[in-house]
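Peer 1: need a structure here:
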Amino acid sequence: MKLQAPFIQLPLLFDAEWLAREIDALGESVWKPHPQGFPGNSMLPLLAVDGDPDNEAFAGAMRPTPHLQRCRYLQQTLASLGATIGRTRLMRLAGQAEVTRHADQGYYWVERVRVHIPLVTQPTVQFECDGHTINMAAGECWIFDTWRQHRVLNDAVQSRIHLVCDTVGGGAFWDLVAQGRTHDAPHAGWQPRRVAPDPAASVDFACESVNVPPVMSPWELGQHLSFLFAETLPHTQLPVLQQHAARLLRHWKGLWAQYGDSVTGRAHFRAAFDAFALAVRPLAQGVTLRNEMPWLQVMMVMISRVAVTAADGRAASKATGEYG
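Peer 2: Residues are numbered from 1 along each chain as shown. Predicted coordinates:
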């Protein structure tokens, strides 16, 4: 999600050592290689579709996995965010490994902020975002602008482990964000609230159930296209691309009025978008976004692949480009 600052620290502080002990008790066998095979990256699913740790999908009801159900303080930690929790994992970065520079472009992260809580880390671990570098200390709670280019470098011998939670937020969560501090703000007068392990504390939290639409409404489609154009650097072909997008939206509104998101209209919506994509492909060559990503590539990943779900219920493709 695009934020007003590269990094924002939330006013919460957790017992990282307690959390690390809960994770250690799960054992090494529950860890999985990163789904995209990034060297030195591994993960442990905590919330996944239907609670299945082997399900890497972005569409469906996100529920606690058996691993999370064994970790009470970890559940309390998620509950304290005051958010509707989406896909959540532990992300481990081996010593002398890195998360290479990239920007998150998938549909799932357009409206979701990524919460990072370091459980095991070292003072030398560097988290970079848009030219700004910080160290997230153990137990702190951070969000950052995943739309900007970012990278992580672990130059220590020991692995770095973060709790990484994707969420659209919620009223209480965004109140916490409003009480947070940007990475470059002074610490004077600002103090996070300690959330200590409490056997009596609630471990209940809302889970994401609705995430990928069968068909994007014309209003959502228009919002995403407007966002992309607002993020586009000046280019001679930009007005022509905007004309094609306006034509697509007019067509989409007509189809929506006729079919809504019913299965019977899916092929018509897909044909409309495919025609748009075919028309803009030669025009968009060299058109770039402010985050250095190619306009066409991001449009295809962020919008085209999710604009219409196939009649059999399958999304056109899963999101790509994820790191931890």
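Peer 1: now the strands for the stretch 51-200 of the chain?
Peer 2: With strands called from DSSP state E, counting those that start in this stretch, the stretch 51-200 of the chain shows them at 62-64, 84-93, 97-102, 113-120, 126-129, 132-134, 140-144, 150-154, 160-169, 181-182, 193-195.
Peer 1: one more: the stretch 201-324 of the chain?
Peer 2: Counting by DSSP E, counting those that start in this stretch, no segments of the stretch 201-324 of the chain form strands.
Peer 1: can you give me the helices in it?
Peer 2: Remark: helices assigned in the stretch 201-324 of the chain by DSSP state H, counting those that start in this stretch are 218-230, 238-259, 266-280, 295-299, 305-307.
Peer 1: can you tell me which of these is packed in deepest?
Peer 2: helix 305-307 (a mean of 23; mean count of other Cβ atoms under 10 Å). C-beta here means a position set from N, CA and C on the backbone, and glycine is covered the same way.
Peer 1: quick one: average confidence on that helix?
Peer 2: Averaging pLDDT along helix 305-307 yields 95.
Peer 1: likewise for stretch 58-72?
Peer 2: In the prediction, stretch 58-72 has an average pLDDT of 97.
Peer 1: okay, buried residues for that stretch please.
Peer 2: Across stretch 58-72, burial judged by 16 or more other Cβ atoms under 10 Å covers Phe58, Ala59, Gly60, Met62, Arg63, Pro64, Thr65, His67, Leu68, Cys71, Arg72.
Peer 1: and the second one, what does it touch?
Peer 2: It stands for Ala59. If a contact means Cβ atoms under 8 Å, 6 or more residues apart in numbering, then Ala59 has Val49, Asn211, Val212, Thr309, Ala315 as its contacts.
Peer 1: on that earlier part again, want to throw the strands of the stretch 51-200 of the chain into TSV with distance to Leu3?
Peer 2: As requested, those are exported to TSV (distance: least, Cβ to Cβ, whole Å):
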stretch	distance to Leu3
strand 62-64	22
strand 84-93	17
strand 97-102	17
strand 113-120	7
strand 126-129	10
strand 132-134	12
strand 140-144	7
strand 150-154	12
strand 160-169	12
strand 181-182	9
strand 193-195	21
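Peer 1: quick revisit: now neighbour count and distance to Glu28 too, for the contacts of Ala59, in a markdown table please.
Peer 2: Shown next, in a markdown table, are the contacts of Ala59 (neighbours: other Cβ atoms under 10 Å; distance: Cβ to Cβ, whole Å):
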| residue | neighbour count | distance to Glu28 |
| --- | --- | --- |
| Val49 | 19 | 24 |
| Asn211 | 21 | 31 |
| Val212 | 17 | 33 |
| Thr309 | 21 | 37 |
| Ala315 | 19 | 32 |
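Peer 1: mind picking the two most distant members of those?
Peer 2: Val49 and Thr309 (14.6 Å; Cβ to Cβ).
Peer 1: rewinding a little: and the strands of the stretch 51-200 of the chain, which one is worst for confidence?
Peer 2: Among those, strand 97-102 carries the lowest mean pLDDT (a mean of 91).
Peer 1: now do it: everything it contacts.
Peer 2: Here strand 97-102 has contacts from 38-41, 93, 128, 149-154, 321, 323-324, using Cβ under 8 Å, 6+ apart.
Peer 1: model confidence for the nearest residue to Thr88 once chain neighbours are set aside, exactly?
Peer 2: Using Cβ to Cβ, 6 or more residues apart in numbering and skipping residues adjacent in sequence, the residue nearest Thr88 is Leu47, 4.0 Å away. Per-residue pLDDT puts Leu47 at 98.
Peer 1: tell me which helix or strand Leu47 sits in.
Peer 2: Per DSSP states H and E: Leu47 is located in strand 41-49.
Peer 1: if we can go back for a sec, which two among the buried residues of stretch 58-72 are spaced furthest apart?
Peer 2: Top of the distance list for the buried residues of stretch 58-72 (Cβ to Cβ): Ala59 and Arg72, 29.0 Å.
Peer 1: for the helices of the stretch 201-324 of the chain, which one sits closest to Asp145?
Peer 2: Once the helices of the stretch 201-324 of the chain are compared by Cβ to Cβ, helix 218-230 is nearest, at 13.8 Å.
Peer 1: now the angle from that closest one to helix 266-280?
Peer 2: Orientation check (axes from the mean of the first three to the mean of the last three Cα atoms, to 10 degrees): helix 218-230 against helix 266-280 gives 20 degrees.
Peer 1: what's helix 218-230 packed up against?
Peer 2: With contacts taken as 3 or more Cβ pairs under 8 Å, 6 or more residues apart in numbering; DSSP states H and E, helix 218-230 sits against helix 238-259, helix 295-299.
Peer 1: can I get those in CSV including mean pLDDT?
Peer 2: Output for the helices and strands packed on helix 218-230, formatted as CSV (pLDDT from 0 to 100):
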stretch, mean pLDDT
helix 238-259, 99
helix 295-299, 98
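Peer 1: quick one, which of those helices is nearest to Asp104?
Peer 2: With Cβ to Cβ as the measure, helix 295-299 is the member of these nearest Asp104 (10.2 Å).
Peer 1: next one: that closest one to chain centre, how far?
Peer 2: Relative to the centre of its chain, helix 295-299 is centred 18 Å away, using Cα atoms, centre = their mean, to the nearest Å.
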